[in-house]
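Participant: With the input below, show me the fold.
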Amino acid sequence: MKSFSQIKGRSAEYARNRIKLLLVSERIDCSPQMINMLKKLRFSMVRHWQLYLLLLPTLVFFVMFKYIPMLGVQIAFRDYWASKGIWGSNWVGLKHFSRFFSSYASENVIRNTIILSVYQLLLTFPFPIILALMLNNVTNTRYKKIVQTVTYMPHFISTVVLVSTMMIMFSPSVGIVNHLLKRFGFDEIYFFGDAAWFRHLYVISAVWQTTGWNSIIYLAALTSIDPSLHEAAMIDGATKLQRVRHIDLPGIAPTIVVMLILASGNLMSIGHEKVYLMQTSLNLDTSEIISTYVYKIGLLNNQFSYSTAINLFNSVINAVILVSVNSLSRKISDSSLW
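Facilitator: Next up is the predicted model:
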């Protein structure tokens, strides 16, 4: 049998270890819920290690090419010189932001960006929903596949090819559009040289290129609607339009809300490629937006700090819009990103 002194010694050692464990837990603020969550995470990682291994390349990509480069954002607050490096360049605070807002170009590029973004959202967002609802009611499978193929194909056309084709089609000399206008007695129009036509050409081509591809997610959402709802509505004598209005649209409403939130979060993030390719010296009044201005100032004129400050301002505005729209959606409906 163990002596009393041995039992007492082990009890004291156990008590000391327990106290140490409690002190460590308090220092790292490990609540019982946190400890339980960590245990579940460890168990999941051991059991499904193959899935976590597949996730690793994506995680590494985001850390290396998304999060680490964020350290370079600080050059927006410095007079960056490549010879001095980021840390060696002088800190100037909000100098570049003040310079942008006091420049003659700021008002024009911000206005053009907002107008083009809102115009594009108003036209490109509803058309995929309409196309998905129409395709969902097509009973001829072969015809449905043909329509889907035709509408999906423009998505895979590169921006350079798209803009080049548009320039040929709308050319005042060889373009088919101007040829038809002259045949019907109208004067020819230099579409790419007229600032009033730039936004219309940009948005209409965006609708043509994105409608089919963006309808895929709505078609997928429509497949989750219970067919018995349509059967019951048909028995009650509901028309196709009534079934779309009272069954299909409410069924995909959460998907529509989420997609609208995501689209609103990118409201100010119009890529510069297509706009830059469509720009001419004659349409700059409406075609110069933040992304093209940043491209010219930063990469062509080597004003890296100034261009970074402008782009950082744009990103902050996008983040504010995203959070605001998401909060509004959560208050109005049950659908939100978080």
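
Participant: Pull up the gap between the residue nearest the centre of the chain and Thr124, please.
Facilitator: Note on the chain: the residue nearest the mean C-alpha position is Asn266, at 4.9 Å, using CA atoms, centre = their mean. Plainly put, Asn266 is 11 Å away from Thr124 if you go by CB to CB, to the nearest Å. No exception for glycine: its C-beta is placed from N, CA and C like everyone else's.

Participant: And for Leu260?
Facilitator: 12 Å.

Participant: what do you get for Trp87?
Facilitator: Computed with CB to CB, the distance linking Trp87 and Thr124 is 43 Å.

Participant: Next: Asn314.
Facilitator: For Asn314 relative to Thr124 (CB to CB), the value is 20 Å.

Participant: Would you mind listing the buried residues in stretch 65-80?
Facilitator: 74-78, 80 (16 or more other CB atoms under 10 Å).

Participant: Keep only those of the residues you listed that are in strands.
Facilitator: Using DSSP state E, the members of those that fall within strands are Arg78.

Participant: Out of the buried residues of stretch 65-80, the closest to Gln33 would be?
Facilitator: Taking CB to CB as the measure, Gln33 sits nearest to Gln74 out of the buried residues of stretch 65-80, at 36.7 Å.

Participant: Provide a list of residues in contact with the closest one.
Facilitator: Ile86 (CB atoms under 8 Å, 6 or more residues apart in numbering).

Participant: quick one: pLDDT of it?
Facilitator: You'll see Gln74 listed with a pLDDT of 90.

Participant: rewinding a little: near the closest residue to the residue nearest to the centre of the chain other than its chain neighbours, how many other residues are there?
Facilitator: The shortest distance from Asn266 to any non-neighbouring residue, by CB to CB, 6 or more residues apart in numbering, is to Asn318 (6.8 Å). When neighbours are counted by other CB atoms under 10 Å, Asn318 registers 16.

Participant: Then the one 3 residues further on?
Facilitator: Neighbouring residues of Ile321 were enumerated by other CB under 10 Å; the total is 17.

Participant: now swap in Arg245 and tell me
Facilitator: Count around Arg245 with other CB under 10 Å applied: 13.

Participant: Ok, His230 next?
Facilitator: Neighbours around His230, by other CB under 10 Å: 17.

Participant: can I assume it is in contact with Arg243?
Facilitator: Yes. With contacts counted by CB atoms under 8 Å, His230 reaches Arg243, the gap being 5.7 Å.

Participant: of Trp87 and Thr124, who's got more company?
Facilitator: Thr124 (19 against 8).

Participant: contacting residues for the more buried one?
Facilitator: 203, 206-207, 210-211, 214.

Participant: Looking at those, which one is closest to Ile35?
Facilitator: Asn214 (44.4 Å).

Participant: remind me which residues of this protein are low pLDDT?
Facilitator: Applying pLDDT under 70 to the chain flags the ranges 1-31.

Participant: at 50 instead, please
Facilitator: 1-2, 4-9, 15, 19, 21-28 (pLDDT under 50).

Participant: which stretches of the stretch 101-250 of the chain form helices?
Facilitator: Ranges of helices in the stretch 101-250 of the chain, per DSSP state H, counting those that start in this stretch, are 104-124, 126-136, 141-152, 159-169, 176-183, 195-222, 227-235, 240-243, 249-265.

Participant: Could you dump the ones you listed into a markdown table with distance to Leu41 added?
Facilitator: What follows is the helices of the stretch 101-250 of the chain, written out as a markdown table (distance: least, CB to CB, whole Å):
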| stretch | distance to Leu41 |
| --- | --- |
| helix 104-124 | 39 |
| helix 126-136 | 38 |
| helix 141-152 | 40 |
| helix 159-169 | 42 |
| helix 176-183 | 60 |
| helix 195-222 | 30 |
| helix 227-235 | 39 |
| helix 240-243 | 45 |
| helix 249-265 | 27 |
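
Participant: right, and these - which one's nearest Asp285?
Facilitator: helix 195-222 (4.5 Å).

Participant: same for the closest one, what does it pack against?
Facilitator: Packing contacts for helix 195-222, counted by 3 or more CB pairs under 8 Å, 6 or more residues apart in numbering; DSSP states H and E, involve helix 104-124, helix 126-136, helix 141-152, helix 159-169, helix 249-265, helix 272-278, helix 284-287.

Participant: how does it look with 6 Å?
Facilitator: helix 104-124, helix 126-136, helix 141-152, helix 249-265, helix 284-287 (3 or more CB pairs under 6 Å, 6 or more residues apart in numbering; DSSP states H and E).

Participant: relative to helix 227-235, how tilted is the fourth one?
Facilitator: An angle of 120 degrees separates the directions of helix 249-265 and helix 227-235 when computed by axes from the mean of the first three to the mean of the last three CA atoms, to 10 degrees.

Participant: what comes up buried for helix 249-265?
Facilitator: Quick answer for helix 249-265 (16+ other CB under 10 Å): 251-252, 255-259, 261, 263-265.

Participant: Show me which of those is closest to Met169.
Facilitator: Ala263 (27.7 Å).

Participant: which residues touch that closest one?
Facilitator: 121, 125 (CB atoms under 6 Å, 6 or more residues apart in numbering).

Participant: State the distance from it to Val174.
Facilitator: For Ala263 relative to Val174 (CB to CB), the value is 36 Å.
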